[in-house]
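Visitor: Kindly generate the corresponding structure for this input.
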Amino acid sequence: MYQPAVEAMERQELTRLQEQRLRETVQRVYAHVPFYRAKLQEVRIDPEAFRGLAELERLPFTCKKDLRDQYPFGLFAVPLTKIRRLHASSGTKGKPTVVGYSERDLRMWSEVCARAMVAAGGKPGDVFHNAYGYGLFTGGLGMHAGAERLGMVTVPVSGGGRMRQMTLIEDFCPDVIAGTPSFILSLGEAMIQAGKHPHGTSVRVGVFGAEPWSDEMRKELESVWGIHAVDIYGLSEVVGPGVAIECWQAKEGLHIAEDHFLVEVIDPLTGKSLPEGEVGELVFTTLTKEAFPILRYRTGDLASVTSEPCRCGRTHRRMSRIKGRIDDMLIIRGVNVFPMEIEPIVMAQPELSPYYQLVVEKEGALDRLTVEVEVSESSFNMVDIQALTLRLEHTLKESLGIAARVRVTMPGALPRSEGKAVRILDRR
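Guide: Got it, this is the predicted structure:
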């Protein structure tokens, strides 16, 4: 562990720490963020009398619309002169969501990312190949700072440029690689096509996130690269990468940095808290952020949480891997469908490559879902396309409860990701 005194803290002591930090956070936002002051006054919360975890559910939710409505700096709790960095979302569905970091925030962020790197299997002196995108996206710079804090040799490659990535992996001999799982998978494919062998490189650990991915994708990545593939979770509104990470020993849920981030799971329709083990929407409250504290942020990510002990010895609660995003949910003829339900089905077909796309179109007054898949190079000359199509359509109907068309394409026909994979083409 990077910080064993914190990561293996007794539960009672951790709860006391959370209580103290939650009360301090409520007092901070009341004093310095007019948006939150008004919200707390609406629900009649006196920050000086606030009782912490016992009153957590009385605190107002924060959603992405609130961040956009307060664009750009309306939720900051410090003056701009104390901000040392700004990050922002892409803003493809409206104004971007802007987050700010003070010097103290940047230190905390590097701390949780260093913690995450150790949990994944990294150590001081390792060479770290960082294929997350740099810029306003938090992935690249967040992991970069954590790796440097741990004492790794950090290679800021960023995303894209598969030929350059291959050369640097061969020449710099990294121990750890990080990026989106879809991009690292396509990088492995490009290496194989170039006559190289990703399984034979120096890489032994892969830290993958920024998009939901299945255990079937993990098996594929581990098979292609010969590595431990672990899942990391984060989002810029909470801090960026480092909110939670799988340990390489178990890979059975992601350890949440609970000394910094308070987690809840709620019913996305009612907003009511769900018991441990039930899947619902993840909600986070920051406990130590100075510039951009946030109360009960609704992430849109679906997962469950457990406090069962882990074999690695960490005591912080674990969240399951993301089951899907509420934003990505498709309603097809009255049935809710998530891309993550389809990925394991596609990857279970030995004749197919791991690439797929979902196309939604209108068919009269109804919606039609087409699952576009791709024959693998090794199966191209042997596969019966018609039989494969019928089998996959039958499996999808059995699993999803709706009929979906399947379109089988040639090897290499579907787009490869340069960053986050685009799984859905909505043409309605």
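Visitor: List the buried residues for whichever strand in the chain runs longest?
Guide: Under DSSP state E, the strand in the chain containing the largest number of residues is strand 352-363. Buried residues in strand 352-363, counted by 16 or more other Cβ atoms under 10 Å: 352-360. Any C-beta I mention is one placed from the backbone N, CA and C, and that applies to glycine too.
Visitor: ok, Lys272 - contacts?
Guide: Contacts for Lys272 (Cβ atoms under 8 Å, 6 or more residues apart in numbering) come out as Ile266.
Visitor: quick one: it from Ala54, how far?
Guide: 16 Å (Cβ to Cβ, to the nearest Å).
Visitor: again, but for Val112
Guide: For Val112 relative to Ala54 (Cβ to Cβ), the value is 26 Å.
Visitor: neighbour count winner among these two?
Guide: Val112 (28 against 9; other Cβ atoms under 10 Å).
Visitor: in what helix or strand does that one lie?
Guide: If you go by DSSP states H and E, Val112 is part of helix 103-120.
Visitor: residues of that helix that come out buried?
Guide: 105-106, 108-120.
Visitor: same deal with stretch 220-230?
Guide: Here stretch 220-230 shows 220-221, 224-225, 227-230 as buried, counting by 16+ other Cβ under 10 Å.
Visitor: Tabulate those residues (JSON lines), appending distance to Arg204.
Guide: JSON lines is the format used below for the buried residues of stretch 220-230 (distance: Cβ to Cβ, whole Å):
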{"residue": "Glu220", "distance to Arg204": "17"}
{"residue": "Leu221", "distance to Arg204": "13"}
{"residue": "Val224", "distance to Arg204": "14"}
{"residue": "Trp225", "distance to Arg204": "9"}
{"residue": "Ile227", "distance to Arg204": "6"}
{"residue": "His228", "distance to Arg204": "7"}
{"residue": "Ala229", "distance to Arg204": "11"}
{"residue": "Val230", "distance to Arg204": "12"}
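Visitor: and which of those residues is nearest to Pro34?
Guide: Using Cβ to Cβ, Val230 comes nearest to Pro34 of those, at 40.5 Å.
Visitor: Please name the residues that touch the nearest residue to Lys39 once chain neighbours are set aside.
Guide: Using Cβ to Cβ, 6 or more residues apart in numbering and skipping residues adjacent in sequence, the residue nearest Lys39 is Pro60, 4.3 Å away. Contact analysis of Pro60 by Cβ under 8 Å, 6+ apart lists 36, 39-40, 42-43, 295-296.
Visitor: Quick check, pLDDT for Pro60.
Guide: For Pro60, the pLDDT comes out at 98.
Visitor: Now Arg68: which helix or strand?
Guide: helix 64-69.
Visitor: Run me through the strand neighbours of whichever helix or strand comes after that helix, direction for each.
Guide: Going down the chain from helix 64-69, the next helix or strand is strand 83-88, by DSSP H and E. Within its sheet, strand 83-88 is paired with strand 98-102 (antiparallel), according to DSSP bridges.
Visitor: outside of the strand it pairs with, which residues touch it?
Guide: Taking Cβ under 8 Å, 6+ apart as the rule, strand 98-102 contacts 67, 71-73, 76, 78, 80, 82-88, 109, 138, 236-237, 290-292.
Visitor: try it again with 7 Å
Guide: 71-73, 76, 78, 82-88, 109, 236-237, 290-292 (Cβ atoms under 7 Å, 6 or more residues apart in numbering).
Visitor: for stretch 299-317, same thing?
Guide: Applying Cβ under 7 Å, 6+ apart, the set of residues contacting stretch 299-317 is 1, 7-11, 14, 235, 247, 249-250, 252-253, 255-258, 263, 265, 276-284, 318-320, 322-327.
Visitor: Make a ChimeraX selection of the buried ones in those residues.
Guide: Only the buried members of the contacts of stretch 299-317 enter the following ChimeraX selection, criterion being 16+ other Cβ under 10 Å:
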select :7,9,14,235,247,253,255,256,257,258,263,265,280,281,282,283,284,318,319,320,322,323,324,325
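Visitor: Let's see which of the contacts of stretch 299-317 end up in helices.
Guide: Secondary structure from DSSP state H places 7, 11, 14 of the contacts of stretch 299-317 in helices.
Visitor: Neighbours of the closest residue to Phe50 other than its chain neighbours, how many?
Guide: In this structure, Phe50 finds its nearest non-sequential neighbour in Val26, 5.1 Å apart by Cβ to Cβ, 6+ apart. A count of nearby residues for Val26, using other Cβ under 10 Å, gives 24.
Visitor: average pLDDT for the helix or strand Val373 falls within?
Guide: For Val373, the host element (DSSP H and E) is strand 366-375. For strand 366-375, mean pLDDT is 93.
Visitor: partner strands of that strand, parallel or antiparallel?
Guide: strand 352-363 (antiparallel), strand 405-409 (parallel).
Visitor: Endpoints of stretch 293-301, how far apart?
Guide: 20 Å (Cα to Cα, to the nearest Å).
Visitor: try stretch 309-319
Guide: End-to-end for stretch 309-319, by Cα to Cα: 12 Å.
Visitor: in it, what's buried?
Guide: For stretch 309-319, by 16+ other Cβ under 10 Å, it's 310, 312, 314-319.
Visitor: and if you look at stretch 300-311?
Guide: Buried residues in stretch 300-311, counted by 16+ other Cβ under 10 Å: 300-305, 310.
Visitor: Out of the residues you listed, flag the one nearest to His199.
Guide: Nearest member of the buried residues of stretch 300-311 to His199, counting by Cβ to Cβ, is Cys310, at 28.5 Å.
Visitor: Using just helix, strand and coil, how would you label that closest one?
Guide: Following DSSP: H, G, I helix; E, B strand; the rest coil, the label given to Cys310 is coil.
Visitor: re the thing from before, and the average pLDDT for the helix holding Val112 is what?
Guide: 98.
Visitor: counting contacts, what elements does the following helix or strand past that helix pack onto?
Guide: Next along the chain after helix 103-120, taking DSSP H and E as the criterion, comes strand 127-130. If contacts are counted by 3 or more Cβ pairs under 7 Å, 6 or more residues apart in numbering; DSSP states H and E, strand 127-130 sits against helix 138-150, strand 153-155, helix 162-172, strand 176-179.
Visitor: Now tabulate those in CSV and tack on mean pLDDT and distance to Glu216.
Guide: CSV is the format used below for the helices and strands packed on strand 127-130 (pLDDT from 0 to 100; distance: least, Cβ to Cβ, whole Å):
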stretch, mean pLDDT, distance to Glu216
helix 138-150, 98, 23
strand 153-155, 98, 29
helix 162-172, 97, 23
strand 176-179, 98, 18
